[in-house]
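>>> Build the 3D model from these lines:
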Amino acid sequence: MKRVSKSTFQSRALQYFREIESTGKPLVITDRGKPVLKIAPFTGDPDQALKELRHSVLKYDDPTDPVGLEDREKSGDASRYPRLDALPKTHKRVPRQRDPL
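Numbers count the residues shown, from 1 in each chain. Predicted coordinates:
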C-alpha cells in the first residue's frame, strides 16, 4: 500500500485520485509519519451484504446453544465443549460482561 505525506498529497491530489481510480489500490495519507487517512476506490454499497442477510434467520430457538451443535457431536469434538445444560448444578452461570465502548 502506497503512503504519502499530507503536504505531498495536498499538492498532487488529482494525480493521486486518478492513480487510485486506475489501479484500484488504496492510498494511505500520513501526518509526521503516522497513518491518518486511507483513500480507497469506491466498491459499491457496503451495506448490501447486510441487506442480503436480513430476514435470513427463520427460527432461533435457543440463543445459548452453540451453532452447529449436531455437526460437532457427529464429529466427536463435542467432548471438548460441554453443553451449558450439562454443567453441574453447583456451577453458577455468570452473565458475560460486554466491553465498554
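
>>> Helix or strand for R98, just tell me which one.
Using DSSP states H and E, R98 is not contained in any helix or strand.

>>> Report the spatially closest residue to L27, excluding sequence-adjacent ones.
I39 (4.7 Å; CB to CB, 6 or more residues apart in numbering). Where you see a C-beta, it was placed from the backbone N, CA and C, and this is true even at glycine.

>>> same check, this time on P35
V28 (4.8 Å).

>>> for K51, same thing?
D45 (7.9 Å).

>>> And V36, by the same measure?
Of all residues not flanking V36 in the chain, I29 sits nearest, at 5.9 Å (CB to CB, 6+ apart).

>>> Could you list the domains of the chain?
Structurally, the chain divides into domains by automatic domain parsing as follows: 2-39, 48-83.

>>> How about the secondary structure of the residue lying closest to S5 once chain neighbours are set aside?
Excluding its sequence neighbours, the residue lying closest to S5 (CB to CB, 6+ apart) is T30, at 5.4 Å. Under DSSP: H, G, I helix; E, B strand; the rest coil, the three-state class of T30 is strand.

>>> The helix or strand where V4 lies pairs with which strands, and in what direction?
For V4, the element it lies in under DSSP H and E is strand 2-5. Applying DSSP bridges, strand 2-5 is found paired with strand 27-31 (parallel).

>>> Pass me the low-pLDDT residue ranges in the protein, would you?
Along the chain, segments meeting pLDDT under 70 span 58, 60, 62-63, 65-97, 99-101.

>>> Quick check: longest helix in it by residues?
For the chain, the helix with the greatest residue count under DSSP state H is helix 13-23.
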